[in-house]
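1. this one's structure only:
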Ligand SMILES: Nc1ncnc2c1ncn2[C@@H]1O[C@H](COP(=O)(O)OP(=O)(O)OP(=O)(O)O)[C@@H](O)[C@H]1O
Ligand SMILES: Nc1ncnc2c1ncn2[C@@H]1O[C@H](COP(=O)(O)OP(=O)(O)OP(=O)(O)O)[C@@H](O)[C@H]1O
Ligand SMILES: [Mg+2]
Ligand SMILES: [Mg+2]
């Protein structure tokens, strides 16, 4: 495959007695959609947390774009180009939708207090850029009609999309989605699939955690499977789907008709 | 060994520091309990303590009819009489504090939680009428009568507003707490028989030395305070950890909504929490008057700030932390005063707090409530 | 009917989330509510548990009007819920969380031990994690814990709000098996699901909610066959 | 009547103002003062039906933050021609510059901080000596009582610390510095431990009565037998109440005179106040008011005239000869000692 | 909706509809409105001369124009600064009086106790020193969450006050007098008696601070603050340098608090440690929350009320503080978001249409 964007090298993550990840090695290539699946408690969210600097791995290292993420603060990792959504929605509820997205867009901006007070040309340019880009993203996600509503007032589906828009606004090279389809009905899931593909078409690399095979298998280029903190499979969706280990540990039955 | 004051008087300072620290600890429990359950700095808890000291005062002067002085000396009692009197005073102080804590919750917090009830509505209505009548008439009796007349209709409309049932933001609780604290203290300062002056409470326990610790005489009142505080603390910890109600307290502390779904009577738990905190404060108040035999309308303020500091120092929401924090604070203050002089006492206390929190951001023992994951 | 909801109206502040719905859960039946996001399913569940107040309408449980009853009293009558978003006590261990399920029951520790064993039998994962803090469990583990905890209360009516959310496919299948099994033990179930196909398969009766109204009802089987329902909720 | 005869802008009766605390923590002191003022004005009004005076009260609660707005109000009222007060040193520092600029004469019956008279304020007078007189007086008394080792404590207030520092200085190497305590705190055991450790035979406390009472009592409880000394801030029955039997034998000093110095005043005061004895500073306030009244009787109606009259005043008051030097200090004043005996304050005479 | 009709709703809604009306105004109308308000504010010392209104607003026993400056302006400035810290960034600060004290003390030291600088020169220095104190307090403590920060800041305020009280160099409990006054310009003489020049100066400072803070609030910085307040973890994961922005909030808050201190010191000419008690911090916080935490104009209103109402109620004498306490409770019970709560997005349009999804909690 092409250039390796994220390299998860032999990572072990322990919490007291619990080993959430054990010697996981995982690569994500630029431009792909990688599905990350596995039984509950397999360590998927923990992978995210290690990648985004919430936890420091017990052993092993993560390199992103050739740069080690060790010791980077969370916001520095975001600036390095990794953005995420949350398994439970975490929006800035007292801000409008567009402001939520602007917070993400601001990650790449430089102007600070001085600029704000003096309204320097740079500050004004950045402000406009942020705003325009945020509106674009809201349109892109199909939720621009509620741009000026407080985030807390948005319907659930909108909130999920807003989270994605906010993450995209940080101009990530890698977008990590943690169960974005949770709580969606099949029709809504269908729309989400299209959205994820659209996002990739824009040149983003996507790492997707999801339990719904209709989503994962349809959009992923490649699927990795974790079980008890170990990677047990990694390959094309069809290969994974028919991998007996995966079936035993995760899918249960081969048939996934509905 | 160098000949420093702190070394010469170390055990002396330790005993007195532990005594004051025990009182801090008991009051800190109230902060910690309420904080644990409602995530609220119950600023008015200091006033609950203050009410307890007045409970002790009334108990000794009114119910037990003990004079301040008998033939120019204190009315010392001994033996069973003494024990009986002490127990009566303790119970009355606890009742005063307990009831006022529960009332406080009804009036100043529960309406903010979005389910105010008639007790809160009546109290608030009375207060509204009272302060409005103050604008026009300056005669407390007349004010009270007018307010009583107006209470019913106002309470009725308040109740209807309460029905809207919206939960207030956290800061609103804090300000309501501050308001309640101010109002309670000031009410005593304005309408108390001695106004803002100090009150003396009867002194029935002769402060004799009971034993000698490394050359330091240890007085009976200090022993009672320290032992009493430890006993109360143990009882409370057992209650919270071992009883079903205690389990309810912990559950509500973590997730009130879910507790409700699982059959926990949340309002009752909150009442229990306030009552427990109040009772502990009442106990602290009684022990306090035992040692210092005086009180004042604002006696709670400084003590409250200190006790809250102790709660945070130990790890707020953590019962053992309150004990540890209280004792540490009492000792640090005493040692610090000996080294740097009494005027630096509070500076030392707060500096220690700052330093501890820098290295242990959730206090010495940490919060006992686990945090949710990111 | 074990539970009968008639003309229910529920408000959030000035917004009417439930605009007069009626439905029922038969004794020993599984009933399911399906509907899009924001249709009002969770609100309905929470109203039955008593944590939202009813503006108009009535809720009758086992012949008793519980419209105004406090939530904890309803639990005593045998209504218990595994709420949406799981509602795990983050600072309590798995064991303590499960114990909270028996909060209103009190007494009889042998019975409790048996129930605990039953839950561990259904979700062995929980037993492995028995002394881990609830807040540090993975999403799916929390979901198991929430269901297990509700079972611990030995309810007559079990309310499950999206129990399959966040569960791995294998467990999803298992969950629906468990629901059937619970039901066969005589517990009535009110089930809210996004996974409508599966839900309707196990349900005796189903209701379709749309923006606060019941727009359709029927047996699970009928709804499963209904083309409109298929188009809207079952993914064609 | 002050029918604006002199063009000072006042329409109506002239006013002598009280400035100080009537409410709040320090309210008692102000109430004493106001009673003295009220008595003087009432006596004047009873005798001069055609020249009525009014007492206007400005209740600052002794708080330097609130005082300026009150002072400005007093200054803006042309009928206010003299002020008995400000009662406390802290608020004096905040508002006296205003009175100076407005040329509004003040006579304080109670603010004893020595620094106040060093600002070159022409309007400033006080009806009793400052702490720079009281301190050495107290020290002299302690030495006269044969004390060899004196622990000096203060409440870290402007007044208390100022006084304690002067006492300590006057005592020289007999003094043992015990630092400050927090008057609002309840527990003074750290300081008492230090006193015990130093083996003092006397303790001087600079501060107010509430803290003094607590300190004296806790000292006795801890087995410290040293004699308790303190200044005018402690000269209040509140001290005896708070200290209980421990107050017995304590020695207090004041530049104020004992209430029974002047029997005539005592009787008048008792008659006007249901038999109550004049408490601390009431007599000084009466004296201060009498000076203003004398000026008005003399036909002075403007602030400037009254100020000039006061600066040249020299007559006997009920407490002392009232005559001021150019800094505003009253000349020929003295320090009195008091003792607590049988649960009451007894004057034990002038300190030599 | 239908079931909830009560006598108090109109009173409550009145506040909302005033706000709504304002939001509906067009640009031109808004600017004229601002202009009128500002002119009226500069004329405030003369309000007492207006018939009918005069007696209503006048403060009994105290000089109205002095109250305007000494109480109102100071509280408004402080509330503006504290609103940044508490209202926007969500950092509970119970020791804000510390910064106010630092500002006042630096001015006092530089112009009187240990220096002879003019007041005007001490102003920028004092503001910078206050900011430095903001950093000194913030850097080690901003790691702390929520109420831990509250108690640490409370301690900080006390440490400042007690240090001033115990150090002779800072005047100890005697305080520092003869602090220099602002220079006289435009025929305004900053004397001892007439408070009006100080009020004009103070009002000007308030307007400048409002202007500056408004610009910061509606910028990347302001958004970062609110994001931190709403969800600190999420904010950091969205690339917000939370520590830096929290420190900025502290520093800017400190600067405004310090500025208030400078103004105060210049006016009264005398300060001592008792001017900066812990209770004042609590009053400051009450001002912000009462007015509407997070909304600058709410904070201003809160500052005005907390400063002015007790003066207006002087008739209550001893009972003032009691009344104040009860009023706080009542306000929080019936208007928990404050008198002028922050509006998020286009909520007001919603209210007009009274459509769905309004009071949705998250
Ligand atoms: N802070 C922690 N302390 C202890 N154990 C933890 C902690 N965080 C995670 N774990 C454990 O690590 C394991 C992996 O958790 P993780 O959240 O990564 O699972 P997951 O694959 O995302 O599962 P799910 O699909 O259910 O969300 C779980 O068993 C969990 O209990
Ligand atoms: N706390 C709340 N405050 C205000 N409105 C709310 C609240 N919770 C839900 N709502 C509104 O009530 C309506 C019904 O919500 P509810 O959560 O019951 O839907 P649901 O059918 O359970 O949806 P989902 O599938 O997303 O769980 C929605 O319009 C929602 O926006
Ligand atoms: Mg997960
Ligand atoms: Mg739902």
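-> Thanks, I have the structure now. No experiment lies behind these values; they were computed from the predicted model shown. Ligands and ions are numbered 1, 2, ... in the order given.
2. make it CA atoms for all contacts and neighbour counts henceforth
-> Will do.
3. chain center to the helix or strand hosting residue B:176: distance?
-> In this assignment (DSSP states H and E), residue B:176 forms part of helix B:170-191. Put simply, helix B:170-191 sits 14 Å off its chain's centre (C-alpha atoms, centre = their mean, to the nearest Å).
4. same question, stretch A:207-216
-> 12 Å.
5. same deal with stretch C:221-228?
-> Computed by C-alpha atoms, centre = their mean, the separation of stretch C:221-228 from the middle of its chain amounts to 22 Å.
6. got the contact list for the longest helix seen in chain D?
-> Assignment by DSSP state H gives helix D:27-47 as the longest helix of chain D. Contact with helix D:27-47 is made by D:18, D:20-22, D:51-55, D:61, D:84, D:87, D:109, D:268-269, D:272, D:278-286, D:288-290, D:293, as judged by C-alpha atoms under 8 Å, 6 or more residues apart in numbering or on different chains.
7. are any of those residues buried, and which?
-> D:18, D:20-22, D:51-55, D:61, D:84, D:87, D:109, D:269, D:278-286, D:288-290, D:293 (16 or more other C-alpha atoms under 10 Å in any protein chain shown).
8. From the residues you listed, list the ones also adjacent to chain B.
-> Residues of the buried ones among the contacts of helix D:27-47 in contact with chain B (C-alpha under 8 Å from any C-alpha of the partner chain): none.
9. Strands - which of these land there?
-> Among the buried ones among the contacts of helix D:27-47, the residues falling in strands (DSSP state E) are D:18, D:20, D:53-55, D:84.
10. could I get those residues as JSON lines with distance to ligand 3 and pLDDT?
-> Listed next are those as JSON lines, based on distance: C-alpha to the ion, whole Å; pLDDT from 0 to 100:
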{"residue": "D:18", "distance to ligand 3": "74", "pLDDT": "96"}
{"residue": "D:20", "distance to ligand 3": "68", "pLDDT": "92"}
{"residue": "D:53", "distance to ligand 3": "84", "pLDDT": "93"}
{"residue": "D:54", "distance to ligand 3": "81", "pLDDT": "93"}
{"residue": "D:55", "distance to ligand 3": "78", "pLDDT": "95"}
{"residue": "D:84", "distance to ligand 3": "76", "pLDDT": "96"}
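11. what's the closest of these to residue C:141?
-> Of all these, residue C:141 sits closest to residue D:20, with 69.1 Å by C-alpha to C-alpha.
12. beta partners of the closest one?
-> Bridge pairing for residue D:20 (DSSP bridges) gives the partners residue D:59.
13. My guess is it contacts residue D:88. True?
-> Yes - under the criterion of C-alpha atoms under 8 Å, residue D:20 makes contact with residue D:88 at 6.9 Å.
14. Between those two, which contacts overlap?
-> residue D:62.
15. Confirm residue A:224 sits in a strand?
-> Yes - using DSSP: H, G, I helix; E, B strand; the rest coil, the assignment for residue A:224 is a strand.
16. what sits against it?
-> Listed by C-alpha under 8 Å, 6+ apart, the contact partners of residue A:224 are A:34-37, A:231-235, A:240.
17. And for the nearest residue to residue E:71 once chain neighbours are set aside, the neighbour number?
-> Excluding the flanking residues, the one nearest residue E:71 by C-alpha to C-alpha, 6 or more residues apart in numbering or on different chains is residue E:307, at 5.2 Å. Residues lying near residue E:307 (other C-alpha atoms under 10 Å in any protein chain shown) number 23.
18. what residues are up against residue E:307?
-> When contacts are counted by C-alpha under 8 Å, 6+ apart, residue E:307 touches E:71-72, E:75.
19. For the residue of the stretch 151-258 of chain A found nearest ligand 3, list each beta-bridge partner.
-> Closest contact between the stretch 151-258 of chain A and ligand 3, by C-alpha to the ion, is at residue A:178 (7.0 Å). Beta-bridge partners for residue A:178, by DSSP bridges, are residue A:209.
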